[in-house]
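Colleague: coords please:
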Amino acid sequence: MTVIHTETHLTSDPVYCEDSAYFNVALSNISVECHIHREECINYLRENKVRIGDLVKIGGVFITETKPEQAHYLNVNSICLASSDGSNNKRRKVLHDDGVSLNASNNKCVSCVFRRLDEHIDQRVRSTLLLASNSTLRRSSNGIYTEFTGSFSEYFFMIYGEASYVTFMISQHLIPNDAIAEEFHKQRTEMFDNVTRAYTIFTEMSYHGINEAGLNNFVSSVASLVEKIYRLKQFYSVHVPVGLVIDTTVPLPSTIYHNYIKE
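Modeller: So this is what the prediction gives:
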């Protein structure tokens, strides 16, 4: 067991199941499932409408089990929003779509397996499949946009994972002084704001239908995110492992791609 106290982002909405709550957070360049059983923590999640993309301060114990289906998870004993304006979460509009709901019907917890790059961890995450197809990245001929033909949850993990990897490497190894650290923190905040904005726009369109304004706003958010990730990678000379490509092409989910790119 390992005690963990960190500041990170949620990579899935909380799922409430009887007297427990489950969600995922980003640790390094992977997503780890969290379990909460403390009533005060569960109440905090509900009251503040904590959801995917939120920055939180979290404390708990990293558990390793012998059972394959529960190999690794974080048993959380404290959690709070890290942003100073976290109270604004109470005024958020609660969004629903066919694959995502903050209140799981009949208190049923739904999860599925995503095999991540780290060979030692099989994390379970709640299914948020907004697009049903194989997980592949298809390069387009225009050289600017790429079609991601996997599910939206897989797409979200891809763009979030790239941002998390670059910012983690920079924060751990490459910042030489406080002035640069302050500027980097500002850029990191802007980057994850883009991630949250893109997720919110897609969720709204999945519920209300695709429209031109939504398409333009989604593409603009992702394009800005990609540009920021690439600029930081180049500026700090971040080493990218074999198999991970970070460039200036903009990946788009199939639904967005075929409605935005008129081929």
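Colleague: Phi and psi next, for Phe62.
Modeller: Main-chain dihedrals, Phe62, degrees, to the nearest 10: phi -80, psi 120.
Colleague: was I right about His35 contacting Phe23?
Modeller: No - His35 sits out of contact with Phe23 when judged by Cβ atoms under 8 Å, with a separation of 9.1 Å. All C-beta atoms are positioned from the backbone trio N, CA, C, and that covers glycine.
Colleague: ok, these two, which is more surrounded?
Modeller: Phe23 (26 against 16; other Cβ atoms under 10 Å).
Colleague: Kindly state the beta-bridge partners for the more buried one.
Modeller: Under the criterion DSSP bridges, Phe23 forms beta bridges with Cys34.
Colleague: Could you check how far it is from Pro14?
Modeller: With distances taken as Cβ to Cβ, to the nearest Å, Phe23 is found 4 Å from Pro14.
Colleague: How about Pro253?
Modeller: 23 Å.
Colleague: How about His35?
Modeller: Distance, His35 to Pro14, using Cβ to Cβ: 11 Å.
Colleague: overlap in contacts of the two?
Modeller: Ala21, Tyr22 (Cβ atoms under 8 Å, 6 or more residues apart in numbering).
Colleague: Give me the mean pLDDT for the longest helix along the chain.
Modeller: As assigned by DSSP state H, the longest helix anywhere in the chain is helix 178-208. Averaging pLDDT along helix 178-208 gives 85.
Colleague: Next, the buried residues of it.
Modeller: 184, 188, 191-192, 194-206 (16 or more other Cβ atoms under 10 Å).
Colleague: ok, now stretch 254-263?
Modeller: Ser254, Thr255, Ile256, Tyr257, Asn259.
Colleague: where in the stretch 101-250 of the chain is pLDDT low?
Modeller: 101-143, 174-176 (pLDDT under 70).
Colleague: Show me where the stretch 151-263 of the chain has its helices.
Modeller: For the stretch 151-263 of the chain, applying DSSP state H, counting those that start in this stretch gives helices covering 152-169, 178-208, 212-235, 254-260.
Colleague: Show me this structure divided up by domain.
Modeller: 2-125, 137-260 (automatic domain parsing).
Colleague: in the stretch 51-200 of the chain, which spans are strands?
Modeller: Ranges of strands within the stretch 51-200 of the chain are 55-64, 72-81, 112-115, 122-125, 137-139, 145-148, based on DSSP state E, counting those that start in this stretch.
Colleague: Output the helix or strand harbouring His9 as CSV - backbone C-alpha positions only.
Modeller: With elements taken from DSSP states H and E, the one containing His9 is strand 2-9. What follows is strand 2-9, C-alpha atoms only, in CSV (Å, rounded to 0.1, in the frame of the first residue of the first chain):
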residue,chain,number,x,y,z
THR,A,2,1.1,3.5,-0.8
VAL,A,3,-0.2,6.8,0.7
ILE,A,4,-1.0,9.4,-1.9
HIS,A,5,-1.7,13.1,-1.6
THR,A,6,-1.9,14.9,-4.9
GLU,A,7,-3.6,17.4,-7.1
THR,A,8,-5.1,16.0,-10.3
HIS,A,9,-8.0,16.0,-12.7
